[in-house]
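1. model this:
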Amino acid sequence: MTTGAVDSFALVIPTLNEAGNIAAVLDRSVAALSEAQLQWEILVVDDDSTDGTADRVRQYAQAEPRVRLLVRRGQRGLAGAITFGWSQTNANLLGVMDADLQHPPELLPALIGQVHDGSDIAIASRYIQPHSMDAWNPLRRLISRVGVLASRAVQRPTLKVKDPLSGFFVLKRDCIEGLHFQESGFKLLLEILAKGNIKSVSEIPFTFSVRQHGKSKAGAMTAVYYASLLYKLFRDLIFRPRNAD
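-> Numbering: from 1, shown residues only. Sure thing, here's the model as predicted:
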């Protein structure tokens, strides 16, 4: 583990068969973070890929020691990979970004800056800038919009977040200290917003890019996991003490 510091940041990049993307993701992330005025590291959490992803990260880390590889064997789940990575660092600022190049690493300094300046969490949002998801097919855009609308039932009224399902964000560790999150599913941010000690949120627009290599991990079970999360969060909301917020 790294030693905790006033300004220290750990970026988790979860991977599952991302050999075609990981070198470019790391190159761009290292370049972006090198502009930030703080200590940082990148933790690649690999769910035992079969395409050589882990080998490429090991090779990369030989030249860049601030990149670390963590391999989970016999486990699956994006949310679980993220929280596992966060548990392996003492950094006081935590972040997550996809490995498929759909999230622009160049936005990392701006996200970190927002949290450094006082926000509890800074989110890269797909729903601020017009046409930010034009690269998506219409059906996928519709499904995403429906998912966001469904999330409103469990969002705190004091937090008006336009993209609560983003997979690209930075937050203060203190906001989630001691909390437990479900390991399955893809929508960790929504659970953090519902359960975490979040008082202030910043959203920064970005354009969602098209995957260059590999296959999306989202499928039919994504909807099942999301429905399960919504049910659990709604149940918790009903039984939450009135003064919890």
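
2. list the contacts of residue 106.
-> Counting by C-beta atoms under 8 Å, 6 or more residues apart in numbering, residue 106 touches 28, 32. To be clear about C-beta, it is placed using only N, CA and C from the backbone, and glycine gets the same treatment.

3. what's the answer for residue 191, then?
-> Residues counted as contacts of residue 191 (C-beta under 8 Å, 6+ apart) are 79, 181, 182, 229, 233.

4. these two touch, right, the last one and residue 193?
-> I take that to be residue 233. No - counting by C-beta atoms under 8 Å, residue 233 does not reach residue 193; the two are 9.4 Å apart.

5. least confident secondary structure element in this protein?
-> The weakest-scoring helix or strand in the chain, judged by mean pLDDT, DSSP states H and E, is helix 138-151 (a mean of 65).

6. so what are the sheet partners of the next helix or strand after that helix and their directions?
-> Next along the chain after helix 138-151, taking DSSP states H and E as the criterion, comes strand 169-172. With DSSP bridges as the test, strand 169-172 is paired with strand 93-96 (antiparallel), strand 121-125 (antiparallel).

7. in TSV: the contacts of residue 191, plus pLDDT, distance to residue 171 and neighbour count.
-> Formatted as TSV, the contacts of residue 191 follow (pLDDT from 0 to 100; distance: C-beta to C-beta, whole Å; neighbours: other C-beta atoms under 10 Å):
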residue	pLDDT	distance to residue 171	neighbour count
79	91	14	23
181	89	13	16
182	83	18	17
229	72	18	23
233	75	18	21
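
8. mind checking which of those residues are in strands?
-> Among those, DSSP state E puts none in strands.

9. mind putting the residues you listed into a markdown table with distance to residue 60?
-> Listed next are the contacts of residue 191 as a markdown table, based on distance: C-beta to C-beta, whole Å:
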| residue | distance to residue 60 |
| --- | --- |
| 79 | 25 |
| 181 | 28 |
| 182 | 31 |
| 229 | 33 |
| 233 | 37 |
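
10. in helices, which of those appear?
-> Residues of the contacts of residue 191 located in helices (DSSP state H): 79, 229, 233.

11. now the residues you listed in CSV, with distance to residue 50?
-> Output for these, formatted as CSV (distance: C-beta to C-beta, whole Å):
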residue, distance to residue 50
79, 22
229, 28
233, 34
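
12. quick one: which of the residues you listed is nearest to residue 177?
-> Minimum distance to residue 177 across the ones in helices among the contacts of residue 191 is 17.1 Å, recorded for residue 79 (C-beta to C-beta).

13. how about that closest one: what's its closest non-neighbour residue?
-> Spatial nearest neighbour of residue 79, chain neighbours left out: residue 188 (4.3 Å); criterion: C-beta to C-beta, 6 or more residues apart in numbering.

14. the chain: helices as residue ranges?
-> So, for the chain - with DSSP H - the helices run 22-33, 53-63, 78-87, 108-116, 138-151, 188-195, 220-239.
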